[in-house]
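Asker: I would like the atomic coordinates for the input below:
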Amino acid sequence: METFLYILIFTLIGSVASLIGGVILLYKEKIAIRVSHLLSAFAAGALLATAFLDLLPEGIAEAKNLYEETGVEINVFAWTVVGFLAFFVLERAIHWSHHHQIEEGEFKRIGPKAIIPLIMIGDSVHNFLDGVVIASTFMVSIPLGIVTSLAVAAHEIPQEIGDFGIMLHKGLKKGKVLVFNLLSALVAILGAVLAFWLGDSIESVVPVFLAIAAGFFIYIAAADLIPEIHNQEKKTMALTETLLLILGVVIVWLSIVFLEGFIAL
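Answerer: Alright, predicted model coming up:
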């Protein structure tokens, strides 16, 4: 029951936090866009660190335990590639990227009426997967779940700024934009509850979930967020974003060390 409460609390925190950037955009557009660029850099570092320093080591450890208990062998790195490719295919299939640009014309190939439903569908699928990932990691360990939840929240904030911006650009009223994104964010809780409810039935594939989650995080960082840093023409801003990426890695590493030590007490 304690694990379920952790899952609900941190999934809800991640869902609500993801809307902060969008709410700022509703009232302070210039500040929101600037925050979006900076948070994207930090989120890239946080996602990479979570994938390589937490999810993959835990996945390998779980796979080893599973092999010793049942003789079933799971190739964690192969499933990480599957996760990476799955996210690529998902984005290609719906013509939508998680880190949207607010500038006009990004969706030239898609009619204006189709953009908003595509964003809603893509965002909901993404949030559902976030919920599954958060629940799966908490079922492995509380520190892993907390670090993963923080990484999810970090990259969701700049994403929501993009979503809010596009919807406002297409003429939706502020109230509807907020409601649509709130409902989409709450889908994460559905994913988390479903993963927890399946519980023991997915225990044997937890290493697979961790590996796929690592693939998701690596893809988002490498394909969606890091290119934003390379596209920055101002040297000062580019340097700031580079330092923020490194800071994201450091903070996640320190969080892992602190939480593991704290839980062990």
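Asker: mean confidence for whichever strand or helix holds Gly83?
Answerer: When elements are defined using DSSP states H and E, Gly83 is found to belong to helix 76-94. Helix 76-94 carries an average pLDDT of 87.
Asker: which other residues reach that helix?
Answerer: The contact list for helix 76-94, computed with CB atoms under 8 Å, 6 or more residues apart in numbering, reads 56, 59-60, 63, 97-98, 118, 121-122, 125, 207-208, 210-216, 218-220, 223. In short, each C-beta sits where N, CA and C put it, glycine included.
Asker: just the buried members of these?
Answerer: Among these, those classed as buried by neighbour count (16 or more other CB atoms under 10 Å) are 56, 59-60, 63, 97-98, 122, 125, 207-208, 210-216, 218-220, 223.
Asker: and the closest residue to Thr148 other than its chain neighbours, what does it touch?
Answerer: The shortest distance from Thr148 to any non-neighbouring residue, by CB to CB, 6 or more residues apart in numbering, is to Thr137 (4.3 Å). The neighbourhood of Thr137, defined by CB under 8 Å, 6+ apart, consists of 55, 58, 144-145, 148-149, 210, 213.
Asker: same thing but 6 Å
Answerer: Counting by CB atoms under 6 Å, 6 or more residues apart in numbering, Thr137 touches 144-145, 148.
Asker: Next: Ala221.
Answerer: When contacts are taken as CB under 6 Å, 6+ apart, Ala221 is in contact with 44, 47-48.
Asker: Now do Ile74: how many residues are near it, please.
Answerer: Residues within reach of Ile74, counting by other CB atoms under 10 Å, total 20.
Asker: And what about it, helix, strand or coil?
Answerer: Using DSSP: H, G, I helix; E, B strand; the rest coil, the structure places Ile74 in coil.
Asker: any idea which element Met46 lies in?
Answerer: Quick fix: residue 46 is Ala, not Met. Secondary structure here is read from DSSP H and E; on that basis Ala46 sits in helix 29-50.
Asker: re earlier: with neighbour count, distance to Phe87 and pLDDT added, can I get the contacts of Ala221 in JSON lines?
Answerer: Conversion of the contacts of Ala221 to JSON lines gives the following (neighbours: other CB atoms under 10 Å; distance: CB to CB, whole Å; pLDDT from 0 to 100):
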{"residue": "Ala44", "neighbour count": "29", "distance to Phe87": "15", "pLDDT": "88"}
{"residue": "Leu47", "neighbour count": "30", "distance to Phe87": "12", "pLDDT": "89"}
{"residue": "Leu48", "neighbour count": "23", "distance to Phe87": "15", "pLDDT": "93"}
